[in-house]
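Chemist: have a look; sequence and predicted model below, questions after that.
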Amino acid sequence: MAKIKEIDDLEIEDKAATFIKQADMSKAIKNKGGRPKKSANDKASEQIFINVTQAEKAKIESAAKELGISVSALCKISLAKFIN
């Protein structure tokens with residue numbers, strides 16, 4: 001209510017200018033949202049393709065689902081044991 005009382009104390013022309021100035025949202029800085037962008041070094045841009053049988057794929061998908069992670073994450077974790 002303090003803003004309303006301040007506006008009521010102004011002249012009609014000043015009231016209109018003050019109202020428009022307060023209502024102008026174009027100058028407000030808007031938050032884009034989302035997470036920050038990754039740096040070029042952190043982005044996963046390369047792909048590796050492997051061929052598996054239907055049975056192997058089913059086992060991999062089942063294990064990933066049991067762990068609550070994606071197939072890709074399971075493969076990365078499994079491969080990391082051999083390359084680190």
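Modeler: Now that the structure is in, tell me what you want to look at.

Chemist: how about the helices in the protein?
Modeler: 2-8, 12-23, 54-67, 71-83 (DSSP state H).

Chemist: those: lowest mean pLDDT?
Modeler: Sorting the helices of the chain by mean pLDDT places helix 2-8 lowest, at a mean of 56.

Chemist: what's the neighbour count on S70?
Modeler: 12 (other Cβ atoms under 10 Å). All C-beta spots, glycine's among them, are computed from the backbone N, C-alpha and C.

Chemist: same check, this time on the one 10 residues further on
Modeler: When counting by other Cβ under 10 Å, one arrives at 9 neighbours for A80.

Chemist: before we move on, what about C75?
Modeler: 15.

Chemist: again with I60
Modeler: Neighbours of I60 (other Cβ under 10 Å): 15.

Chemist: measure it to K32 for me?
Modeler: 37 Å (Cβ to Cβ, to the nearest Å).

Chemist: then S70?
Modeler: Distance from S70 to K32, by Cβ to Cβ: 26 Å.

Chemist: contacting residues for the residue nearest to V71 when sequence neighbours are not counted?
Modeler: The shortest distance from V71 to any non-neighbouring residue, by Cβ to Cβ, 6 or more residues apart in numbering, is to A64 (4.7 Å). Residues near A64 by Cβ atoms under 8 Å, 6 or more residues apart in numbering: S70, V71, A73, L74.
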